[in-house]
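> curious how this folds, go ahead:
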Amino acid sequence: MKIKSFKDPDFKVICDFDGTISKNDTFDQLLERFADPIWQDIEADWVKGKIGTAECMRRQVELVKISKRQLDNWLSFIQIDVQFINFVKFCQKLNIEISIASDGIDYLIKKILAHYGLNSIQVSANQLIFKEKNKMTLAFSEKLNLCDSKSMVCKCSIAAAHKKSGKKIVYVGDGHSDYCVSKRIDLVLAKANLLAYCKQHELPHYAIDDFSDVMMRVKQLIRQPESVIEKNVDQKKQFFKSLNS
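Numbers count the residues shown, from 1 in each chain. Here you go, the predicted model:
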């Protein structure tokens, strides 16, 4: 598979969160730790197609019983790919815009990022609403018709909004909610199920294991030598004419 050249020197990076930045699915971990076991029956109904994603997630999160303080404390122990921290610093030095598009929960993602000092990253995800007596629920963004993945956060519309700037989009992901957007951006850095999907549909992609691989590929895109990257560079060089190396 031949990957087309990037002629525009500017691009943006959009990342999935659960399983891509975080080591595991944060919402699943939350349910396993703090929800009534009935959440598994709801999950089974969703797998069978009896209920939609929004109803499934809303009913499951309403089974979680935990105070905000307890939740914050638990989130401080959630692990992420430590290479992501280095990648963010790298992008900031070169003024490469990086954001997160997730079908997960905004509060969880933002708290985890804050724990690692990554507060400045823009996050698009489902909204967690705290209610009385340690209860919570979810609010979902209005879906657009661009998305085929039936996710409650339309990553396709997010990518489309970013592309209006005229910049190329590099997307980093791992799973089903990333399928649709992968057909609408310029380059995918993929692992797990998303990698298999990209291969099957012959989408422009590279395989990754973690964010050290992501950084390697992005460095190839900007063709910056290490000695220059370590300095506070204000301008980026041209993309490779070919990414086949």
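> how far does stretch 85-97 sit from its chain's centre?
Between the centre of stretch 85-97 and the centre of its chain there are 16 Å (CA atoms, centre = their mean, to the nearest Å).
> lowest-pLDDT helix or strand in this structure?
Least confident element among the helices and strands of the chain, by mean pLDDT, DSSP states H and E: helix 226-229 (a mean of 34).
> how about I96, what does it touch?
11-13, 90, 218, 222, 236 (CB atoms under 8 Å, 6 or more residues apart in numbering). Just so you know, the C-beta spots here come from the backbone N, C-alpha and C atoms, and that holds for glycine as well.
> now with 10 Å?
Taking CB atoms under 10 Å, 6 or more residues apart in numbering, we find I96 in contact with 10-13, 87-88, 90, 167, 170, 218, 221-222, 236.
> ok, now which ones touch the residue located most distally from the centre of the chain?
Largest separation from the mean C-alpha position in the chain: K133, at 31.1 Å (CA atoms, centre = their mean). Listed by CB under 10 Å, 6+ apart, the contact set of K133 reads 65, 67.
> tell me if I am right that it is in a strand.
No. K133: not assigned to a strand; according to DSSP: H, G, I helix; E, B strand; the rest coil it is coil.
> please begin residue numbering at 46 from this point
Renumbered: residue one is now 46, and that last one reads K178.
> list the buried residues of stretch 240-259.
Neighbour-count burial for stretch 240-259 flags 240, 242-243, 248, 250-251, 253, 255-256, 258-259 (criterion: 16 or more other CB atoms under 10 Å).
> so how far is that stretch off the chain centroid?
14 Å.
> how about stretch 104-124?
On CA atoms, centre = their mean, the centre of stretch 104-124 falls 20 Å from that of its chain.
> what mean pLDDT does that stretch get?
Averaged over stretch 104-124, pLDDT sits at 95.
> alpha carbons of it, in CSV - could you do that?
Only the C-alpha atoms of stretch 104-124 are listed here, as CSV (Å, rounded to 0.1, in the frame of the first residue of the first chain):
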residue,chain,number,x,y,z
ARG,A,104,-28.1,3.2,32.2
GLN,A,105,-24.7,1.8,33.1
VAL,A,106,-23.3,5.1,34.5
GLU,A,107,-26.4,5.5,36.6
LEU,A,108,-25.5,2.3,38.3
VAL,A,109,-22.3,3.7,39.6
LYS,A,110,-22.3,4.7,43.2
ILE,A,111,-19.3,6.8,44.2
SER,A,112,-18.7,10.3,45.6
LYS,A,113,-16.9,12.9,43.4
ARG,A,114,-14.0,12.9,45.9
GLN,A,115,-13.7,9.1,45.7
LEU,A,116,-13.9,9.2,41.9
ASP,A,117,-11.1,11.8,41.7
ASN,A,118,-8.9,9.7,44.0
TRP,A,119,-9.5,6.5,41.9
LEU,A,120,-8.8,8.3,38.7
SER,A,121,-5.4,9.4,40.0
PHE,A,122,-4.3,5.8,39.8
ILE,A,123,-5.4,5.2,36.2
GLN,A,124,-2.3,4.5,34.0
